[in-house]
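Trainee: This is the structure alone, sequence omitted:
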Ligand SMILES: Nc1ncnc2c1ncn2[C@@H]1O[C@H](COP(=O)(O)OP(=O)(O)OP(=O)(O)O)[C@@H](O)[C@H]1O
Ligand SMILES: [Mg+2]
């Protein structure tokens, strides 16, 4: 066995150039696919996490029926029972009650539909770092009766910090909701949609505005491990009664889910094509290595080497090339991705604007995720396995005498 | 008792179109310790006959017995193992595994036989002593002359302690000095260790030194002489 492995090792260096070329093509493929998967997973993760933080949460508890109508009438009362339940669940990192509804904002001659969200400023700030996203003025605090709004909304309404904004809407059970609020701060968020229509009020002030004391539209839940979302959803569902509904971000934000899914499939197809091309290269190399040694193989079989032993040699040759490339690919990719995952690339200029327009944060975030490494490794092993099949069959079938004549 | 016996051996190529009777009804016996040359013009069937005796080729009809075993009845795997334990081969050229050193080439066949490391070591040294290449143990075939390579091939063929050695034109690619050197070694092994050699050749210098000459013509044995 040792000799067979030794032979395999020496064999792959008989044609150094070819081996190096084949190995580097696999290595580059691994690097490219790790890089692109890491970036893509990072981008999607970032998009999802932004979307869920600012709006829905990974999971949301609502009154059953709220999602269909989204009216202020479909709210529920905050109880300590729910609070206890959420505090006990280990996968819930934080939860945030919100009361939200649409209202008409006006100032001077300008009027615009606005999403008015009542929230607990302190918790919201912990979660979303709002105070850092204030570009003018200050973030609200619990006892304020003022509002912060998105920057695009502010410029549309031609208002500034210190100006006042009139809100008009419909409160609980049809009561007219109307109030005038001082603008305490202006926000810039990574989600353009929110910049255009968000207004944030302190929780109690908002309940007062919508005439719905102690009521909420939702509790948004943040998770420690978003992968366990379905399990956590079931746990909460089982302990709440039928009047409540628990929804995942994917159920609430179908567009985002669809976007992520299509992009994912697209990039997996791209990588598959890349790997097929690389696979042909590997196949070509192993095939050449096998065919050009026909005579050598024939002599070895003549003197009494079983074909199964030849198979072992060729198998190890392939293993050395494949594993060498995998190890090299990972060794190169890991530090690069580690660095990038901690220091995402910040974009600027036109490209950044373009990204913001489609609703993405203008950074290139990377994730360092063992899953992508495992998948790329398995892909390479798979293509190498496929590439080696024909050469192995050739060895089993080849005619010793014919091979010797060449 | 003979170690090889062929019985009405036939090999016909292209049976359907224009049949070529490469080996025609050959019945021969070989004794232990022979030093036999198979000669005849090009295309007379020397290679085909040696391949049939060595179990590399299967006859159209007839049988080959080696030490009483009918090797034409063995399956493809059994015949490989049989060759490993019973027959030594020396081919015309490119005999050796290029990535193994001279020593490793010789040792390899003993490894295939499952011989222990100590026994391999001592046998390798003994063989390299006999072929006069003790100083080239660690050279790869690429760094040996053609004649040296053939001597290593002889050593490898002997390493497995076979019943006999088959060599198809072992000197065809060698100059006259290397040819006589190789023949000296083969003859010495034959005399000292009673090793059986059966080889084909065109070379008059080789023919001169054989003890038995089998002449083929169109696949038939036309002459079978004991020379000395
Ligand atoms: N695979 C084959 N298919 C068809 N005919 C073959 C094949 N191998 C050999 N022959 C024919 O069989 C005959 C004997 O060939 P063989 O190679 O045994 O001759 P040889 O005596 O070894 O010749 P040389 O001295 O040139 O090596 C020749 O006529 C050859 O053309
Ligand atoms: Mg011949």
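Mentor: Cool, the structure landed. None of these values were measured; they are calculated from a predicted model. Ligands and ions are numbered 1, 2, ... in the order given.

Trainee: From now on I want contacts and neighbour counts done on CA atoms only, so please keep to that.
Mentor: Noted.

Trainee: Grab the nearest non-local neighbour of the residue in chain B that chain A sits nearest to.
Mentor: Taking CA to the nearest CA as the measure, chain B has residue B:84 as its residue closest to chain A, at 4.0 Å. Using CA to CA, 6 or more residues apart in numbering or on different chains and skipping residues adjacent in sequence, the residue nearest residue B:84 is residue A:304, 4.0 Å away.

Trainee: so who does the residue of chain B closest to chain A touch?
Mentor: By CA atoms under 8 Å, 6 or more residues apart in numbering or on different chains, the residues touching residue B:84 are A:303, A:304, A:305, B:109, B:112, B:113, B:160.

Trainee: Look up the closest residue to the fifth one, ignoring the ones flanking it.
Mentor: With sequence-adjacent residues excluded and distances taken as CA to CA, 6+ apart, residue B:112 is closest to residue A:305, at 6.9 Å.

Trainee: Helix, strand, or coil at that neighbour?
Mentor: Secondary structure, DSSP: H, G, I helix; E, B strand; the rest coil: residue A:305 is coil.

Trainee: Residue A:139 should be in a strand, yeah?
Mentor: No: going by three-state DSSP, the assignment for residue A:139 is coil, not a strand.

Trainee: Need the pLDDT of it.
Mentor: If you check residue A:139, the pLDDT there is 94.

Trainee: That one and residue A:159, how far apart?
Mentor: Look at residue A:139 and residue A:159: by CA to CA, to the nearest Å, they are 16 Å apart.

Trainee: Settle it for me: which of the two has more neighbours?
Mentor: The residue with more neighbours, out of residue A:139 and residue A:159, is residue A:139; 26 against 20, by other CA atoms under 10 Å in any protein chain shown.

Trainee: okay but the more buried one is in contact with residue A:130, surely?
Mentor: Yes: applying CA atoms under 8 Å as the test, residue A:139 and residue A:130 come out as touching, 6.9 Å apart.

Trainee: Tell me, how many residues neighbour the residue nearest to residue B:158 when sequence neighbours are not counted?
Mentor: Closest residue to residue B:158 apart from its sequence neighbours, by CA to CA, 6+ apart: residue B:88 at 6.2 Å. Residues lying near residue B:88 (other CA under 10 Å) number 28.

Trainee: how far is the helix or strand containing residue B:88 from where the chain is centred?
Mentor: Using DSSP states H and E, residue B:88 maps to strand B:87-90. In this view, strand B:87-90 has its centroid 4 Å away from the chain centroid, taken as CA atoms, centre = their mean, to the nearest Å.

Trainee: Stretch A:381-390 too?
Mentor: Counting by CA atoms, centre = their mean, stretch A:381-390 comes out at 31 Å from the chain centroid.

Trainee: What's the separation between residue B:36 and ligand 1?
Mentor: Separation of residue B:36 from ligand 1 (CA to the nearest ligand atom, to the nearest Å) stands at 15 Å.

Trainee: Could you list the contact residues of chain B toward ligand 1?
Mentor: Within chain B, the positions near ligand 1 by CA under 6 Å from any ligand atom are B:13, B:22, B:41, B:42, B:43, B:44, B:45, B:46, B:47, B:48.

Trainee: Just flag the most distant two among those.
Mentor: Pairwise distances across the residues of chain B next to ligand 1 (CA to CA) peak at 18.3 Å, for the pair B:13 and B:41.

Trainee: if we can go back for a sec, how close does the residue nearest to residue B:84 get to residue B:85?
Mentor: Taken as CA to CA, the span from residue A:304 to residue B:85 is 8 Å.

Trainee: ok, those two, which is more surrounded?
Mentor: residue A:304 (25 against 19).

Trainee: Give me the pLDDT value at that one.
Mentor: 92.

Trainee: ok, it - contacts?
Mentor: Under the criterion of CA under 8 Å, 6+ apart, the contact list for residue A:304 reads B:80, B:81, B:82, B:83, B:84, B:85, B:109, B:112.

Trainee: Then residue A:172?
Mentor: Residue A:172 makes contact with A:72, A:73, A:210, A:211, A:212 under the criterion CA under 8 Å, 6+ apart.

Trainee: Tell me the helices and strands packed up against the longest helix along chain B.
Mentor: Secondary structure of chain B per DSSP state H: the longest helix is helix B:176-193. Other helices and strands packing on helix B:176-193, by 3 or more CA pairs under 8 Å, 6 or more residues apart in numbering or on different chains; DSSP states H and E, are helix B:146-159, helix B:204-209.

Trainee: where do the strands sit along chain A?
Mentor: Per DSSP state E, chain A carries strands over the ranges A:59-63, A:76-77, A:92-107, A:110-119, A:134-137, A:146-150, A:164-170, A:176-187, A:198-202, A:215-216, A:218-223, A:244-248, A:345-346, A:363-364.

Trainee: wait, chain B
Mentor: Ranges of strands in chain B, per DSSP E, are B:4-13, B:20-30, B:35-39, B:61-66, B:69-70, B:87-90, B:164-168, B:197-200, B:212-217, B:220-226.

Trainee: top of the contacts of residue A:172 by neighbour count?
Mentor: These, ranked by neighbours (other CA under 10 Å): first place residue A:210, 30 neighbours.
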